[in-house]
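Engineer: Sharing a model prediction with you, sequence too.
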Amino acid sequence: MDDRFSMKGRNAIVTGATRGIGLAIARGFLESGATVTLCGRKQEGVDGALTDLTDHASNVLGVAAHVAKPKDIERLIAAAEERFGPVDTLVNNAGTNPYYGPIAESEDWAWDRTMDVNLRGPYLLSRELGAKMMAGDGGSIVNISSVAGLEAGPGQGIYSVSKAGLIMLTKVMAREMGAAGVRVNCICPGVIRTHLSRALWEDEETAEVYLSRKALGRFGEADELVGAAIYFASGASSFTTGAVLQVDGGMVI
């Protein structure tokens, strides 16, 4: 059973991996035997993540890259391949939610910035690496969406649309790439105690609203997403593609 969930011999790129869910997944992959190239937008964030992962220094590489910029993506993939060889695992975790409020009151910049990171980035990376995986020995793409992509999150309209789009991107690419041995799956976290979701768990009144909807009665922690990510990335899920897994404490039932 340990071999089924082993990441030994796998080479992964994890985006948005300088903190929170992405950093937890990168660490979990490394502990399970994978080599990992992590990326974040700012070099200082990348350096901080690498410091956190010093126990795995020989198996981890950090690259500062913006996932919505094609040139940055080319540089990220090239660096990962040069250091560790062909990439067979991709975790599209980078995400943003710069605007909290009704769509009717939003501005274009909020839409553009959210879609760039949450949807355009995964599209570009999955397209480029998916083609390489299909031409090689296959692989696994894991998209980190959100329960906000399954139902309209209050005050999170633009974010919800972007995450719903990511769920459909998962399903479309799973259908298109499956015959070539590339599996594409999606994890939908509920409210996890990270920097990105601070507006939902720091304010007492808002937190009570969300906690009242969770069967487990608490918020999640970043490392509670790692098991799901390893399942989708490893051989344990060899007959699973196009799946959407909620890891939300019983929020969307």
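Structural biologist: Right, received. Where do you want to start? Numbering: from 1, shown residues only.
Engineer: From the chain's centre, how far out is stretch 80-90? Work that out for me.
Structural biologist: The chain centre lies 17 Å from the centre of stretch 80-90; the measure is Cα atoms, centre = their mean, to the nearest Å.
Engineer: For that stretch, list every residue counted as buried.
Structural biologist: For stretch 80-90, a neighbour-count test (16 or more other Cβ atoms under 10 Å) marks 80, 84, 87-90 as buried. All C-beta atoms are positioned from the backbone trio N, CA, C, and that covers glycine.
Engineer: Let's test this: mean pLDDT of the helix or strand containing Ser140, rounded?
Structural biologist: Using DSSP states H and E, Ser140 sits within strand 139-144. Taken as a whole, strand 139-144 has an average pLDDT of 98.
Engineer: How far away from the center of its chain is it?
Structural biologist: 8 Å.
Engineer: three-state assignment of Phe232?
Structural biologist: Secondary structure, DSSP: H, G, I helix; E, B strand; the rest coil: Phe232 is helix.
Engineer: Grab the most central residue of the protein for me.
Structural biologist: The residue lying closest to the centre of the chain (Cα atoms, centre = their mean) is Asn93, at 2.1 Å.
Engineer: Nearest spatial neighbour of Gly9, chain-adjacent residues omitted?
Structural biologist: Closest residue in space to Gly9, ignoring its immediate chain neighbours: Gly33 at 7.2 Å, by Cβ to Cβ, 6 or more residues apart in numbering.
Engineer: Can you verify my assumption that the one you found contacts Arg10?
Structural biologist: Yes. With contact defined as Cβ atoms under 8 Å, Gly33 reaches Arg10; the gap is 7.5 Å.
Engineer: Which of these two has more residues huddled nearby?
Structural biologist: More crowded of Gly33 and Arg10, by other Cβ atoms under 10 Å: Arg10, with 22 against 14.
Engineer: So for the closest residue to that one other than its chain neighbours, what's the pLDDT?
Structural biologist: Nearest residue to Arg10, sequence neighbours excluded (Cβ to Cβ, 6+ apart): Ala34, at 4.5 Å. Each residue has a pLDDT score; the one for Ala34 is 98.
Engineer: where's Ala34 relative to Pro102, distance?
Structural biologist: 42 Å (Cβ to Cβ, to the nearest Å).
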